[in-house]
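>>> sequence and computational prediction follow.
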Amino acid sequence: MSFDHLFSAAGWGYGAKYALAALSLWYLSKTGVRLSAIAWGLACGALGALAIAAYQAGVLKMPRVSGFTNAIQYGGIAMYLGFASVAVASLGRWSKWQVAALGLLGACGILASFLSDSRGSWVVTPLLIAAIWLMAWLNGFKKLASMAAAIMVALGVLVAVPAYNKLEQRTQEATQEISQYLKDPQKYATTSVGQRLEQWRLAIHLIEQRPISGWGLAGYPAAKQKMVDQGLAHPSVMEYGHAHNEILDMWVKRGLLGLVLLLLFYAVPAIIFWPTHKRLNKAHEEMRSKALALRAAATLLPLAYFGFGWTQVFFAHNSGNMFYIFGLAVLWGGICRLEAHPGTSPQA
């Protein structure tokens, strides 16, 4: 919430959703969520993402698939579902057919993300791959870490082959748009990458003027309009109500306090979810690989959102908020159940 919109209907609407998510978090921490439900739920979500993307691209002939939300949001969430499924498959020591099924369904989510043309989610993939490998390696699961890396490389090749032309085209477009904007910002501020660079430049300029208090939800567009009127920014910046960067957007609107709270919103779940020897030892010895897989999938959620936020303001959209807060609740419920019943089978 912004200081200049404390009592707005929109603010209280989000407040109600967060209150419900908090209640769900508490409830699921007591009742727990079955590991099998989380594993196959993530995988089926990835498959559903590809099914919708394939229908929109193949039948409706949409130039850019978006599900029923923003294309960037759709691509990011599909990417997370895919990588979370792959993490569960490669680290959980399931049966061979389960590993194959979970891995292939995870690849569906990654392919759906590529079909969305959401480049912001593509650049996050090295971070997610490195995190999965590091979590396994640091906890002594070196063979699993190597297997996970091999599975991700294989699935990467599987996904990249049909999407190669699209990947190459979008990469070339991004490179060209960066070069054009750097040469003539005013002329090329309307391109996809140019718009982001212009929004970032403007946000940084405004943050320098009010780094502590921020400009507020009403003050930010007013300050942007003033710069446009003075010829210091391209008029296209008024088409968006955010800075196309989660950190810059929070800082310019809500000041230093908002920035700190946003970083904590990423960091606290990541720290709590991160697998350690002490945490994994709470589970029965035979279930520790399952605990690693679940904690890895959970840790990827704040890490992915942090990465997505560099080119998109995910929390400016309802889908971004809802998936994050209820995803945290469900994943924490799964961890609580696994650690409360360490001897329970993964299907229980």
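All right, it came through fine. Just so it is clear, the structure is predicted and the values come from calculations on it, not from any experiment. Residues are numbered from 1 along each chain as shown.

>>> contacting residues around the residue most central in space within the chain?
The residue lying closest to the centre of the chain (CA atoms, centre = their mean) is Tyr305, at 3.2 Å. Residues near Tyr305 by CB atoms under 8 Å, 6 or more residues apart in numbering: Gly76, Tyr266, Phe314, Gly320, Tyr324. All C-beta spots, glycine's among them, are computed from the backbone N, C-alpha and C.

>>> same question for Val99.
Here Val99 is in contact with Ala89, Ser90, Gly92, Ile151 (criterion: CB under 8 Å, 6+ apart).

>>> so how far is Ala296 from the second one?
Looking back up the chat, that one is Ser90. According to CB to CB, to the nearest Å, Ser90 stands 9 Å off from Ala296.

>>> ditto for the last one
For Ile151, the distance to Ala296 (CB to CB) stands at 13 Å.

>>> same thing with the third one?
Distance of Gly92 to Ala296, given as CB to CB: 9 Å.

>>> more neighbours, the two?
Ala296 (29 against 23; other CB atoms under 10 Å).

>>> from the chain's centroid, how far away is the helix or strand harbouring that one?
Element membership for Ala296 (DSSP states H and E) is helix 288-308. Remark: helix 288-308 is offset 11 Å from the chain centroid, using CA atoms, centre = their mean, to the nearest Å.

>>> again, but for stretch 323-343
Relative to its chain's centre, stretch 323-343 lies at 18 Å (CA atoms, centre = their mean).

>>> buried ones in that stretch?
For stretch 323-343, a neighbour-count test (16 or more other CB atoms under 10 Å) marks 323-339 as buried.

>>> for the nearest residue in space to Ile38 that is not next to it in sequence, report the pLDDT, please.
Spatial nearest neighbour of Ile38, chain neighbours left out: Gly334 (4.6 Å); criterion: CB to CB, 6 or more residues apart in numbering. Per-residue confidence (pLDDT) for Gly334: 97.

>>> so who does Gly334 touch?
With contact taken as CB under 8 Å, 6+ apart, Gly334 is in contact with Gly32, Val33, Arg34, Leu35, Ala37, Ile38, Leu294, Ala298.

>>> can you count the residues close to the first one?
To tie it back to what came earlier, the one meant is Gly32. 19.

>>> okay but it is in contact with Leu331, surely?
No: between Gly32 and Leu331 there is no contact under CB atoms under 8 Å: 11.5 Å.

>>> so how far is Ile178 from the nearest residue to Glu173 once chain neighbours are set aside?
Distances taken as CB to CB, 6+ apart place Ser192 nearest to Glu173, at 7.5 Å, with adjacent residues excluded. Distance, Ser192 to Ile178, using CB to CB: 10 Å.

>>> run through who's touching stretch 223-239.
Under CB under 8 Å, 6+ apart, the answer for stretch 223-239 is Pro185, Gln186, Ala189, Thr190, Gln195, Glu198, Gln199, Leu202, His205, Leu206, Trp215, Pro221.

>>> which regions of the stretch 1-150 of the chain sit below the pLDDT cut-off?
For the stretch 1-150 of the chain, the stretches flagged by pLDDT under 70 are 1-11.
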